[in-house]
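Engineer: Coordinates only, no sequence provided:
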């Protein structure tokens with residue numbers, strides 16, 4: 001048995017997503033190991049973002065079961081939950097291909113707003129906050145400390161009071177990940193986090209994701225086209241093509257799989273050797 005099947009934090013079973021006559025994801029099953037970095041890769045249109053949308057509640061799957069298991073022993077069936085409960089209770093966080101920061105808010109405020117649920121609970125739905133009661137002040141102090149911790153980890157302490165929209169692109173990417181981490185996720189889903197980054201920014205991203213995995217035991221699932229990122233930091237790689245899983249294993253095993261090579265080169269399996277010879281692979 002592979003390591004990620006021994007103690008999975010997320011199990012996807014027979015996931016199918018249809019849009020009318022289009023089958024975007026077809027009978028897909030896989031496991032995400034607890035504390036692993038897992039890459040979900042494949043050519044454009046393979047169904048990767050659709051899988052993320054099902055896991056995070058933006059879509060309700062046509063068929064299938066998606067189970068998150070916390071280390072406490074609690075389990076959650078994601079297909080039965082609205083998106084806000086998946087974030088709050090199942091503790092699944094997500095970033096998007098296009099950065100979705102609150103550009104008019106400061107860097108610090110973006111991290112504070114991610115802690116809205118515990119702050120609202122401590123404020124008794126605003127009453128304790130309005131009157132400045134002790135439990136709300138304590139919760140607010142903890143939220144600021146938590147935000148400050150992540151500002152330090154992404155090296156943005158000196159820009160805490162700047163509008164998020166004024167940050168360079170790479171800093172915005174890291175801020176978006178830090179904001180997701182402020183929700184305390186068990187599973188962090190990142191949709192093309194390295195898109196548009198230069199080599200230095202990609203290296204900083206890799207270091208941040210490795211830190212999140214090591215120090216917070218958060219399971220990271222990323223959709224990524226940058227194979228240097230995938231191969232450098234991933235423990236586990238799942239490959240999709242036309243909504244179906246064609247490979248599932250370690251980075252070394254996946255990158256040498258003929259079906260994966262065929263999918264990325266856009267040729268039939270039996271033509272792989274010929275094309276490899278032509279391009280010198």
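Structural biologist: Noted; the coordinates are in hand. All of these numbers come straight from a predicted model, not from anything done at the bench.

Engineer: Give me the helices and strands touching the helix or strand in which residue 202 is found, please.
Structural biologist: Using DSSP states H and E, residue 202 maps to helix 199-216. Counting contacts by 3 or more CB pairs under 8 Å, 6 or more residues apart in numbering; DSSP states H and E, helix 199-216 is packed against strand 37-41, helix 169-181, strand 219-223, helix 227-233. In this view, the C-beta of every residue, glycine as well, is placed from N, C-alpha and C.

Engineer: Out of the ones you listed, which gets nearest to residue 9?
Structural biologist: Evaluated over the helices and strands packed on helix 199-216, closeness to residue 9 peaks at strand 219-223, with 4.6 Å, by CB to CB.

Engineer: picking that back up, can you lay out the helices and strands packed on helix 199-216 as JSON lines showing distance to residue 192, mean neighbour count and mean pLDDT?
Structural biologist: Output for the helices and strands packed on helix 199-216, formatted as JSON lines (distance: least, CB to CB, whole Å; neighbours: other CB atoms under 10 Å; pLDDT from 0 to 100):
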{"stretch": "strand 37-41", "distance to residue 192": "11", "mean neighbour count": "26", "mean pLDDT": "96"}
{"stretch": "helix 169-181", "distance to residue 192": "10", "mean neighbour count": "21", "mean pLDDT": "96"}
{"stretch": "strand 219-223", "distance to residue 192": "6", "mean neighbour count": "25", "mean pLDDT": "96"}
{"stretch": "helix 227-233", "distance to residue 192": "10", "mean neighbour count": "17", "mean pLDDT": "90"}
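
Engineer: Now residue 114: closest residue in space, sequence neighbours ignored.
Structural biologist: Leaving aside its chain neighbours, residue 114 sits nearest to residue 182 (3.8 Å; criterion: CB to CB, 6 or more residues apart in numbering).

Engineer: so what's the one you found up against?
Structural biologist: 111, 114-115, 146-147, 150 (CB atoms under 8 Å, 6 or more residues apart in numbering).

Engineer: please redo it, this time with the cut-off set to 10 Å
Structural biologist: Taking CB atoms under 10 Å, 6 or more residues apart in numbering, we find residue 182 in contact with 93, 110-116, 143, 146-147, 149-150.

Engineer: next one: residue 201
Structural biologist: By CB under 10 Å, 6+ apart, the residues touching residue 201 are 168-171, 173-174, 194.

Engineer: same thing but 7 Å
Structural biologist: residue 170 (CB atoms under 7 Å, 6 or more residues apart in numbering).

Engineer: tell me the pLDDT at it?
Structural biologist: pLDDT recorded at residue 201 is 93.

Engineer: can you count the residues close to residue 224?
Structural biologist: Residue 224 is flanked by 22 other residues according to other CB atoms under 10 Å.

Engineer: For it, which phi and psi angles does the backbone take?
Structural biologist: phi -150, psi 140 (degrees, to the nearest 10).

Engineer: Tell me the buried residues in the longest helix seen in the chain?
Structural biologist: Using DSSP state H, we find that the single longest helix of the chain is helix 134-153. The neighbour-count check on helix 134-153 (16 or more other CB atoms under 10 Å) flags 136, 139-140, 143, 146-147, 150-151, 153 as buried.

Engineer: same check, this time on stretch 248-264
Structural biologist: Neighbour-count burial for stretch 248-264, counted by 16+ other CB under 10 Å, picks out 248-249, 251, 254-255, 257, 260-263.

Engineer: so residue 68 sits in a strand?
Structural biologist: Yes - counting by DSSP: H, G, I helix; E, B strand; the rest coil, residue 68 falls inside a strand.

Engineer: Tell me the secondary structure at residue 252.
Structural biologist: The three-state assignment at residue 252 reads helix, by three-state DSSP.

Engineer: Touching, residue 186 and residue 72? I think so.
Structural biologist: No - counting by CB atoms under 7 Å, residue 72 is not a contact partner of residue 186; they are 9.7 Å apart.

Engineer: circling back to that earlier point, of the helices and strands packed on helix 199-216, which is nearest residue 207?
Structural biologist: Residue 207 lies closest to helix 227-233 among the helices and strands packed on helix 199-216, at 9.2 Å (CB to CB).

Engineer: Endpoints of stretch 246-253, how far apart?
Structural biologist: 12 Å (CA to CA, to the nearest Å).
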